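Asker: A structural model of the following input is requested.
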Amino acid sequence: MNDELDNRDERLDLMIEQIKELFFEFGIKNLNMDDISHKLGISKKTLYRFVKSKEDLLTRMFEYDQKKWIESMSLLGSQQDNAIDKLFKVSLMVYEEMKRFNPMILFELRKYYEPLYNEFNNQRMAIISQSMALNLKRGIVEELYRQDLNNEAIVAIYMSYLVEIHNNAEVCKMANVTFDELFRVMFENHIRAISTPQGVDYFEQKKKEIIESLKNSN
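Answerer: The predicted structure is shown next:
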């Protein structure tokens with residue numbers, strides 16, 4: 001029985017990965033359950049064996065994403081990096097995820113599935129905030145971050161930067177800069193603001209590597 005449930009969950013996870021790509025390409029509102037089953041190459045009856053409705057499908061998709069986020073955060077936490085390296089990796093992960101969501105998808109989620117979107121978005125932000133709060137404490141212990149920081153305020157400000165960076169399309173266009181350049185400057189300004197001289201020196205050593213990481217993420 002457990003093997004059967006595991007196989008069902010694995011199949012649903014694979015379907016969710018495909019459905020996410022469909023949503024990114026066509027939008028959420030434009031696809032009904034008939035469209036989704038057709039593009040997956042399965043019958044609608046088979047699709048309804050896994051989910052009850054489109055809202056249930058979105059719930060499962062959010063749950064799947066949440067599970068993947070927790071796994072990714074755990075993996076980053078187990079790596080032997082210092083606080084600055086970890087902060088960059090977490091920030092880049094958040095940035096890349098946000099970059100995938102075009103404004104239309106976010107608009108549709110907020111307009112048609114607002115309670116569902118808010119619930120899981122708040123959970124996601126809580127996970128990221130907790131990770132960044134722990135990062136600040138670690139950086140202070142490592143003497144890379146200053147000891148006089150207001151940790152709660154720093155986390156709140158930096159989180160707002162990460163979330164809002166993709167709402168600045170017009171700013172990027174007027175300034176003739178890319179989102180990646182905006183992210184790099186944002187991260188550098190943040191590190192310089194919270195770091196000790198030792199932390200700034202370390203960042204300078206890693207700056208070229210950070211720029212290369214951004215290039216490779218595209």
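Asker: when you work out contacts or count neighbours from here on, use the C-alpha atoms and nothing else.
Answerer: Fine.
Asker: ok now stretch 48-56, how far from the chain's centre?
Answerer: Its chain's average C-alpha position is 25 Å from that of stretch 48-56, according to CA atoms, centre = their mean, to the nearest Å.
Asker: got the buried residues for that stretch?
Answerer: residue 50 (16 or more other CA atoms under 10 Å).
Asker: show residues contacting it.
Answerer: Applying CA atoms under 8 Å, 6 or more residues apart in numbering, the contact partners of stretch 48-56 are 8, 12, 32-33, 57, 113.
Asker: recalculate using a threshold of 7 Å.
Answerer: 12, 33, 57 (CA atoms under 7 Å, 6 or more residues apart in numbering).
Asker: ok, the first one - contacts?
Answerer: Going by CA under 7 Å, 6+ apart, residue 12 touches residue 50.
Asker: can you give me the buried ones in the host helix or strand of it?
Answerer: In this structure, residue 12 is located in helix 2-26 according to DSSP states H and E. Under the neighbour-count criterion of 16+ other CA under 10 Å, helix 2-26 has 12-13, 15-16, 19, 22-23 buried.
Asker: quick one, phi psi at residue 97?
Answerer: Here is the backbone geometry of residue 97 (degrees, to the nearest 10): phi -70, psi -40.
Asker: number of nearby residues for it?
Answerer: 10 (other CA atoms under 10 Å).
Asker: equivalent analysis for the one 10 residues further on, please.
Answerer: Burial measure for residue 107: 15 neighbouring residues, criterion other CA under 10 Å.
Asker: thanks a lot, catch you later.
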